[in-house]
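Engineer: this one's sequence-less:
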């Protein structure tokens, strides 16, 4: 089983439609094929596009600095993550 724990994800952006969120995901995957990206629709009508899974803000910082080159407003946010995926 994959228990979820409180960790961090990098929020890339918040957009107004699922279509826009998918486009951001595709753009992100082209640049960072090794980092998982996901869409959170819990804020509908807005969609959060998030990347990675991290145990701490510190463990997210390396990826965050690279991601910020493409997504200036990217920030680490607290989020439930799967233990097996987190860094």
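Structural biologist: Happy to help now that I have it. Note that this is a predicted model, so its numbers are computed, not measured.
Engineer: wait, is residue 8 part of a helix?
Structural biologist: No: counting by DSSP: H, G, I helix; E, B strand; the rest coil, residue 8 is not part of a helix but strand.
Engineer: who's in contact with residue 45?
Structural biologist: Going by C-beta atoms under 8 Å, 6 or more residues apart in numbering, residue 45 touches 16-17. For glycine as for every other residue, the C-beta is placed from the backbone atoms N, C-alpha and C.
Engineer: ok, 7 Å please
Structural biologist: Going by C-beta atoms under 7 Å, 6 or more residues apart in numbering, residue 45 touches residue 16.
Engineer: what's the burial count for residue 20?
Structural biologist: Using other C-beta atoms under 10 Å, residue 20 has 16 other residues around it.
Engineer: next one: residue 86
Structural biologist: 18.
Engineer: how near is residue 34 to residue 70?
Structural biologist: Per C-beta to C-beta, to the nearest Å, residue 34 is found 15 Å from residue 70.
Engineer: who's more crowded, those two?
Structural biologist: Using other C-beta under 10 Å, the more surrounded residue of residue 34 and residue 70 is residue 70, with 13 against 7.
Engineer: Please look at the more buried one and residue 31 and confirm they touch.
Structural biologist: Yes: contact criterion C-beta atoms under 7 Å: residue 70 and residue 31 qualify, at 5.9 Å.
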